[in-house]
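**Q** just coords:
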């Protein structure tokens, strides 16, 4: 009997030693996994840091563009608060040129004292009607037709888009399709020379749809990635010019199937909500795929972006924040809303 207990005790000791060895091996494996490739961990940390820096840079650009809008809303809420009254929020959104119908939609059911989180959720929701656009698998060449009235900043925006393509390592060709004004052809040619990109152009008064066809054909022949075609700065009430625009769209599809792949409307940010009527008319005429808002730095009407996106149910792709070739940033509803709320709310506790 004694030998039985002694044997059992020896088995328990052996089992304990085996268990200890397994635990040691497991811990060693975990440590090996944790420190298996410190280079990869460091790279991941660097990538996260880089993403954060890019996000902060975009927010700072947007903040610069919205300085006048911030100044107007600070008249209503001069000091940052944790909670802001319903009436004050309503007033500052009116000051920022958001349409009252949109304000009512955003604030319906909110309490008398509104937190940042509550307001943020409602404001970001105003952009949710715009369709999501997948730009991950673009055709080559990718053809964009740029539309807008005179003075909206169309030609300068085309130059900014071309500059962005080049920075991304993509080739680009411009088409001077605004043959209605000689100055438009000269201005775009000047930008093409400055950016060192090819341009297809003709003389004032010549057929703009022929310019569009030749530009796309040249891009195909030269294996160019992007085509950006200017159009006359027409008003939606000018019948002849609008018929010409419809013709350009048809001719683009003859030069390349499904072209133009994007029809972008340039809206002057200083016009605020009055620009919406223009965009609606063009959208009904040829179908607009997205919006670029210019001159955002020169207006206190930044709140109009809510109305533009919500009423048109179109995505805002970019905002222009100056006259230089780099003064174009991708629009993010979240960054836009956060930039506004940073001006009126105290920082949230993390």
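**A** Ah, there it is. If you're wondering where the values come from, they're calculated on a predicted model, not measured in any experiment.
**Q** Check the gap between residue 232 and residue 159 for me.
**A** The gap separating residue 232 from residue 159 is 17 Å, by CB to CB, to the nearest Å. (C-beta placed from N, C-alpha, C; glycine too.)
**Q** burial count for the residue lying closest to residue 325 once chain neighbours are set aside?
**A** What sits nearest to residue 325 in space, not counting adjacent residues and going by CB to CB, 6 or more residues apart in numbering, is residue 163, at 4.3 Å. Using other CB atoms under 10 Å, residue 163 has 20 other residues around it.
**Q** list the contacts for residue 163?
**A** Applying CB atoms under 8 Å, 6 or more residues apart in numbering, we find residue 163 in contact with 195, 325-326, 328.
**Q** which residues of the stretch 151-300 of the chain score low on pLDDT?
**A** The stretch 151-300 of the chain contains residues with pLDDT under 70 at 234-238.
**Q** give me phi/psi at the residue nearest to residue 325?
**A** phi -60, psi -40 (degrees, to the nearest 10).
**Q** Ok, the one 10 residues further on next?
**A** Reported as degrees, to the nearest 10, the phi and psi values for residue 173 are phi -130, psi 140.
**Q** what about it, distance to residue 209?
**A** 17 Å.
**Q** Residue 74 now?
**A** In terms of CB to CB, residue 74 sits 49 Å off from residue 209.
**Q** related to what we said a few turns ago, so which of the contacts of residue 163 would you say is closest to residue 133?
**A** residue 328 (17.0 Å; CB to CB).
**Q** Pull out the buried positions in stretch 209-219.
**A** For stretch 209-219, a neighbour-count test (16 or more other CB atoms under 10 Å) marks 209, 211-216, 218-219 as buried.
**Q** Let me have the residues you listed in CSV, adding secondary structure as columns.
**A** CSV is the format used below for the buried residues of stretch 209-219 (DSSP: H, G, I helix; E, B strand; the rest coil):
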residue, secondary structure
209, helix
211, helix
212, helix
213, helix
214, helix
215, helix
216, helix
218, helix
219, helix
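**Q** Format the residues you listed as a markdown table; extra columns: distance to residue 305.
**A** Shown next, in a markdown table, are the buried residues of stretch 209-219 (distance: CB to CB, whole Å):
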| residue | distance to residue 305 |
| --- | --- |
| 209 | 32 |
| 211 | 32 |
| 212 | 30 |
| 213 | 35 |
| 214 | 36 |
| 215 | 31 |
| 216 | 32 |
| 218 | 36 |
| 219 | 32 |
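**Q** hang on, isn't residue 254 packed against residue 213?
**A** Yes: counting by CB atoms under 8 Å, residue 254 touches residue 213, with 6.9 Å between them.
**Q** Which residues are in contact with the spatially closest residue to residue 253 that is not a sequence neighbour?
**A** The shortest distance from residue 253 to any non-neighbouring residue, by CB to CB, 6+ apart, is to residue 259 (5.7 Å). By CB under 8 Å, 6+ apart, residue 259 lies in contact with 143, 216, 227, 252-253.
**Q** Try it again at 10 Å.
**A** 139, 141-145, 212-213, 216, 219, 227, 229, 249, 251-253 (CB atoms under 10 Å, 6 or more residues apart in numbering).
**Q** so it, which of the three states?
**A** Secondary structure of residue 259, per three-state DSSP, is coil.
**Q** Residue 139 versus that one, what's the distance?
**A** Using CB to CB, we find residue 259 at a distance of 8 Å from residue 139.
**Q** Can you tell me which of the buried residues of stretch 209-219 is closest to residue 273?
**A** Among the buried residues of stretch 209-219, residue 212 lies closest to residue 273 (CB to CB), at 31.3 Å.
**Q** how close does that closest one get to residue 333?
**A** With CB to CB as the criterion, residue 212 and residue 333 are 32 Å apart.
**Q** same check, this time on residue 293
**A** 13 Å.
**Q** cool, residue 167 as well?
**A** Distance from residue 167 to residue 333, by CB to CB: 24 Å.
**Q** and residue 228, what are its bridge partners?
**A** Note on residue 228: beta-bridge partners residue 144, residue 174, judged by DSSP bridges.
**Q** got the contact list for it?
**A** Contacts of residue 228 by CB under 10 Å, 6+ apart are 141-146, 157-159, 161-162, 165, 172-175, 177, 188, 197, 199, 215, 260, 262, 264.
**Q** Buried ones from the residues you listed, can you make that a ChimeraX selection?
**A** Buried members of the contacts of residue 228, defined by 16+ other CB under 10 Å, are picked up in ChimeraX with:
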select :141,142,143,144,145,146,157,158,159,161,162,165,172,173,174,175,177,188,197,199,215,260,262,264
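**Q** ok, back up a step: neighbour count for residue 293 and residue 333, which is higher?
**A** Between residue 293 and residue 333, counted using other CB under 10 Å, residue 293 has the larger neighbour count: 30 against 19.
**Q** where does the stretch 1-150 of the chain dip in pLDDT?
**A** 1-61, 63.
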